[in-house]
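Visitor: Starting from these lines, generate the structure:
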Amino acid sequence: METLKAVIDGQLQAVPVLTNSHLVMIRKIRIGASPGCAPDILRDLIEAGLVEEKANEFAL
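Guide: Residues are numbered from 1 along each chain as shown. All right, here's what the predicted structure looks like:
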C-alpha cells in the first residue's frame, strides 16, 4: 500500500493511502462480487483493518 508521510501528534508517521485499485476492490466486496482477482490489494485492505476475512468471505 502506498503511504504519505505526515506529522501526527508531533511524530512523523507513514499514513496508508487508498489507490484506485483499493477503491475498486472495496466496491466489489460491497456488491458481493468475487474480490479474488487482486490478492495483493485485498491483503493491503485486510492489513489496514478496512476488510475482515471470515471463512472465505469478505466484509467491510
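Visitor: give me the element the most centrally placed residue in the chain is part of.
Guide: Residue closest to the average C-alpha location in the chain (Cα atoms, centre = their mean): L45, at 2.1 Å. Take DSSP states H and E as the rule and L45 turns out to sit in helix 39-47.
Visitor: what's the answer for Q13, then?
Guide: Going by DSSP H and E, Q13 is part of strand 11-17.
Visitor: Pairing partners for that strand, with directions?
Guide: Strand pairing for strand 11-17, using DSSP bridges, gives strand 2-8 (antiparallel).
Visitor: Tell me the buried residues in the partner strand?
Guide: Within strand 2-8, no residue qualifies as buried by neighbour count (16 or more other Cβ atoms under 10 Å). For the C-beta atoms, the positions are set from N, CA and C on the backbone; glycine is no exception.
Visitor: By residue count, which helix of the chain is the longest?
Guide: helix 20-31 (DSSP state H).
Visitor: just checking, what packs against that one?
Guide: Here helix 20-31 touches helix 39-47, going by 3 or more Cβ pairs under 8 Å, 6 or more residues apart in numbering; DSSP states H and E.
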